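*Asks:* quick check, what structure comes out for this input:
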Amino acid sequence: MRPLRSVAPERESSMGRIVVIGSYNRDTVLRVARFPRPGETLAATGMDRFHGGKGSNQAVAAARAGASVALVAAIGADAAGRDAMALWAGEGIDAAAVSTLDSLPTGEALILVDARGENEIVILAGANAAVPEGLAVAAVAGAALVVAQLETPVAVTEAAFRAARAQGIPTLLNAAPARELPDGLLALADILVVNETEAALLLSRTAPPEALAAALAPRHPRGVVLTAGAAGAYWARRDGVVVHAPAILTEVVDSTGAGDAFIGAFATALAQGSAAEHAMRRGAVAGALACRRAGAVPSLPTLAEIDAATLQ
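*Replies:* Numbers count the residues shown, from 1 in each chain. Modelled structure (predicted):
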């Protein structure tokens, strides 16, 4: 069993701070030849434990891509929580707004990864369900971009986004894991980031990825980004323009952290003032690179890796 670990960050100066509101989970990854059918027991071929949680992953991804990052989260007063704090310290992430709770354990995730690199994930929220709203609202002050997902309370994200909107700070909502969302939260998301499954759920229909993104775009001031795996990513603006960033060729070992890598690099480029096309390219490259290594955090690429692959 490999221990929880982190990779030393690489930095460049940033034009603004990214505040990430989100989850931390301790990931237990079981490798299987294929996913089990209902009622079936399979023998795993291996097991690893990694840092995880979409909020933490995206914060680490942004920090490695060169951003100044602050994280709003909640952990338990346990070994997993202490490991999380060590991770963030090692990555240079400001964890002053992370709450340590005595009453709840640190979040847990069980991840099955099959021989093709596809995954299935089950999550126990634990402390992630109790992120303090006041801390989230206070933390957004002075940010260049506020990023959130759906593994922490929607009411907390909505309150933080409302505070950001009042201060003229752009917001990015990653609507993952897939679920129905209240209109109030969607209305406060300047940029919505979804995959095809999440977009289809929000629209209650399926369509080609660029059409899904375009259908969602009118209600978001800066549009909708849809990630589509090997097909790359699409940014649909409210004016009907769709920007496509093709994926780079990559060997898929484990796709667990790919979406988080995309958002980290994409958000970093936006916070640093990049144009849409460049931000999308950075995100697409980072997402592809993340598929080449096992585990969420170990797979998140560094600034140097993203730079090198972007120039290819």
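*Asks:* thought Pro182 was touching Thr157?
*Replies:* No - taking CB atoms under 8 Å as the definition, Pro182 is not a contact partner of Thr157, at 10.3 Å. (C-beta placed from N, C-alpha, C; glycine too.)
*Asks:* higher neighbour count, the two?
*Replies:* For Pro182 versus Thr157, the count of surrounding residues by other CB atoms under 10 Å is larger for Thr157: 27 against 10.
*Asks:* which helix or strand contains the more buried one?
*Replies:* Assigned by DSSP states H and E, Thr157 belongs to helix 154-166.
*Asks:* average pLDDT across that helix?
*Replies:* For helix 154-166, the mean per-residue pLDDT is 98.
*Asks:* what's that helix packed up against?
*Replies:* strand 17-21, helix 133-139, strand 145-148, strand 171-174, helix 183-187 (3 or more CB pairs under 8 Å, 6 or more residues apart in numbering; DSSP states H and E).
*Asks:* rerun at 7 Å
*Replies:* strand 17-21, helix 133-139, strand 145-148, helix 183-187 (3 or more CB pairs under 7 Å, 6 or more residues apart in numbering; DSSP states H and E).
*Asks:* for it, give me every contacting residue.
*Replies:* 21, 131, 133, 136-137, 140, 146, 148, 171, 182, 184-185, 188-189 (CB atoms under 7 Å, 6 or more residues apart in numbering).
*Asks:* can you check stretch 120-130 too?
*Replies:* Here stretch 120-130 makes contact (CB under 7 Å, 6+ apart) with 23, 25, 35, 74-76, 101, 104-112, 151-153.
*Asks:* the residues you listed in strands, which ones?
*Replies:* 25, 74-76, 101, 107-112 (DSSP state E).
*Asks:* could the residues you listed go into TSV alongside pLDDT and neighbour count?
*Replies:* Converted to TSV, those look like this (pLDDT from 0 to 100; neighbours: other CB atoms under 10 Å):
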residue	pLDDT	neighbour count
Asn25	95	31
Ala74	98	27
Ile75	98	30
Gly76	98	24
Leu101	97	19
Gly107	98	30
Glu108	95	19
Ala109	90	23
Leu110	92	14
Ile111	88	22
Leu112	93	19
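*Asks:* now the residues you listed in TSV, with distance to Val225?
*Replies:* Shown next, in TSV, are the ones in strands among the contacts of stretch 120-130 (distance: CB to CB, whole Å):
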residue	distance to Val225
Asn25	24
Ala74	27
Ile75	29
Gly76	33
Leu101	33
Gly107	26
Glu108	29
Ala109	24
Leu110	28
Ile111	24
Leu112	27
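*Asks:* show me what contacts the closest residue to Ala245 other than its chain neighbours?
*Replies:* Of all residues not flanking Ala245 in the chain, Met280 sits nearest, at 3.6 Å (CB to CB, 6 or more residues apart in numbering). Contact analysis of Met280 by CB under 7 Å, 6+ apart lists 233, 235, 243, 245, 266.
*Asks:* of the residues you listed, which is the nearest to Asp94?
*Replies:* Closest approach between the contacts of Met280 and Asp94, by CB to CB: Phe266, at 20.3 Å.
*Asks:* doesn't Ala279 make contact with that closest one?
*Replies:* Yes - in this structure, Phe266 is within contact of Ala279 by CB atoms under 7 Å, at 5.2 Å.
*Asks:* ok, the two, which is more surrounded?
*Replies:* A count of neighbours by other CB under 10 Å puts Phe266 above the other of Phe266 and Ala279, at 34 against 24.
*Asks:* where's Leu30, which helix or strand?
*Replies:* strand 25-31.
*Asks:* who does that strand pair up with?
*Replies:* strand 46-52 (antiparallel), strand 107-113 (parallel) (DSSP bridges).
*Asks:* tell me which of these sits nearest to Trp88.
*Replies:* Going by CB to CB, the one of these nearest Trp88 is strand 46-52, 9.3 Å.
*Asks:* show me what counts as buried in that closest one.
*Replies:* The neighbour-count check on strand 46-52 (16 or more other CB atoms under 10 Å) flags 48-52 as buried.
*Asks:* just send those residues back as JSON lines, with pLDDT and distance to Gly66 too.
*Replies:* Listed next are the buried residues of strand 46-52 as JSON lines, based on pLDDT from 0 to 100; distance: CB to CB, whole Å:
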{"residue": "Asp48", "pLDDT": "89", "distance to Gly66": "27"}
{"residue": "Arg49", "pLDDT": "90", "distance to Gly66": "28"}
{"residue": "Phe50", "pLDDT": "88", "distance to Gly66": "23"}
{"residue": "His51", "pLDDT": "94", "distance to Gly66": "20"}
{"residue": "Gly52", "pLDDT": "92", "distance to Gly66": "22"}
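*Asks:* of these, closest to Glu40?
*Replies:* Using CB to CB, these come closest to Glu40 at Asp48, 22.5 Å.
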